[in-house]
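Visitor: Kindly return the folded structure for what I paste below:
(one chain, ligands or ions: 1)
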Amino acid sequence: MSEIIIGGGKRLSGDLNVQGAKNSVLPVLAATVLCGKECVIHNCPALSDVETSIKILRALGCFAQRQGDAVTVNSEGISGCEIPDSLMREMRSSVVFLGAIIGRCKKAVISSPGGCELGPRPIDLHLSSLEKMGVTVTEEHGFLYCTAEKGLHGAEINLVFPSVGATENIILAAATAKGITVIHGAAKEPEISDLADFLNSAGAKIYGCGSDTVKIYGVEKLGGAEHTIIPDRIAAATYMACAAVTGGTLTLNGVMPSHMVSLFWLFKECGCGVELSGKSVRITAPERLSGVPTVRSLVYPGFPTDAGPIAVAMLSLAKGTSVFVENIFENRFRYVDELKRFGAKIKTEGKAAVIEGVSELSGADCKATDLRGGAALIIAALAAGGESKIGEIHHIERGYDDIAAALKPLGADIKYSKE
Ligand code: EPZ
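Guide: This next block holds a predicted model:
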């Protein structure tokens, strides 16, 4: 497995176009299963999770092909309803295919998504919601057999937690179900609205995404559609943090500022200049970042849990003591021990990470523990004096489109090396 090697201490400056959103392209690719006609999805980032989604679509008998930044899918010839276990294991979020496969094939077989990268990641809300829509779920030897012999019907669903994946699965299953489905307590993330925009362009009738209550009027069938994926707000925040910790100035193009309000808040609290101009944001780092007494992850539009590791890496260099509270996942601090190899002073206690800012970090050898934890290590390595090596970078390649190629033109001394 290759590593990333970084010579730290270089100020990063310049312009960067932000990649398409991983957490939008994955459910949208899953949704093409419902369409039965050719769909073209533009602004698809080159991620291993996208490659896995393409493999899943092909395993189901669909045509799926990347052409540049677009992926073309035609599910007219779909011939299967089972996601191979090996592919389920490659990508935790393959569970979002469930609603689409059941919606199209009236049955689905998936292995129970494992992966404790961030703590247990149950899918009880997904399954209980689908059961309300007429799906029978049986679990045997780690596989979930889902059937809806009489087809899916609309339901009134109250989500006790605004789960992103569960909201997406319900929308996917409800799009062509008989009748009306109402989701109370729906997740409001922008990626869900992007999914609904895609489905509506294919003929679905989905209303209210971005609010607590989403209403879906089931339609007979969906057609083909063309769609452009929204920008990745977490990748954007990652690159902003790279500039913030190296005393740089960075202009990010192609962002959606309305999706990043809580993220901009953090950078401003840390003393960065944040200037918006249309779909661009320019960040200017201060001489030294200021600590922030408390940052809490919350569901959207609160501060995103995915930006937690990025915030902690940034705050480890800030003046004073900061506290990050992780309220969404149970075990999202596995990257902290790796950050401490750079000299970061962080103490975790349950949901909280107490960060005592240090004036400098030193290069270290470390390993990515998960996608966003890996991004945190890159941020630390860019700021650290000396050379750093980051292993297990397959985690990072799941969600960042060639991060070394993105950072090099900004002045970063960064390269991949085969171990
Ligand atoms: C999506 O995961 C994202 N992944 C995650 O991004 C993101 O962190 C998360 O939403 C929260 O915003 C994709 O969109 C592919 P959840 P998801 O269902 O859908 C509990 C990244 O780094 N829960 O909102 O899995 C769950 O255990 C990834 O890009 C249940 O208890 O998130 C967790 O504690 C990481 N039962 C919390 O809800 C369920 O049935 C949030 O989960 C479902 C979830």
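Visitor: What residue in this protein comes nearest to the ligand?
Guide: With Cβ to the nearest ligand atom, the shortest gap between the chain and the ligand falls at residue 165, namely 2.8 Å. Heads up, the C-betas are built off the backbone N, CA and C, glycines and all.
Visitor: Can I take it that that residue is in a helix?
Guide: Yes. Secondary structure of residue 165, determined by DSSP: H, G, I helix; E, B strand; the rest coil: located in a helix.
Visitor: Residue 252 - how many residues pack around it?
Guide: Other residues near residue 252 number 22, with proximity taken as other Cβ atoms under 10 Å.
Visitor: whoops, I mixed them up, residue 180
Guide: For residue 180, the count of nearby residues is 15 (other Cβ under 10 Å).
Visitor: what sits against it?
Guide: Applying Cβ atoms under 8 Å, 6 or more residues apart in numbering, we find residue 180 in contact with 154, 215-218.
Visitor: out of the residues you listed, what pair is the most spread apart?
Guide: For the contacts of residue 180, the maximum inter-member distance is 10.9 Å, found between 215 and 218 (Cβ to Cβ).
Visitor: elements contacting the worst-scoring helix or strand of the chain on mean pLDDT?
Guide: Here the helix or strand of the chain ranked lowest by mean pLDDT, DSSP states H and E is helix 85-90, holding a mean of 87. With contacts taken as 3 or more Cβ pairs under 8 Å, 6 or more residues apart in numbering; DSSP states H and E, helix 85-90 sits against helix 48-59, strand 107-111.
Visitor: Make CSV from those and add distance to the ligand to it.
Guide: Output for the helices and strands packed on helix 85-90, formatted as CSV (distance: least, Cβ to the nearest ligand atom, whole Å):
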stretch, distance to the ligand
helix 48-59, 8
strand 107-111, 14
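Visitor: Any idea which of those gets closest to residue 9?
Guide: Across those, the minimum distance to residue 9, taken as Cβ to Cβ, is reached by helix 48-59, at 29.7 Å.
Visitor: Downstream of the closest one, the next helix or strand is which one?
Guide: Under the assignment DSSP states H and E, the closest C-terminal helix or strand after helix 48-59 is strand 63-67.
Visitor: what's the spacing between the helix or strand that that next one is followed by and its chain's center?
Guide: The C-terminal neighbour of strand 63-67 among helices and strands, as given by DSSP H and E, is strand 70-74. What separates the centre of strand 70-74 from the centre of its chain is 20 Å, taken as Cα atoms, centre = their mean, to the nearest Å.
Visitor: do the same with stretch 274-282
Guide: Centre-to-centre, stretch 274-282 and its host chain are 22 Å apart (Cα atoms, centre = their mean).
Visitor: and what of stretch 318-329?
Guide: 20 Å.
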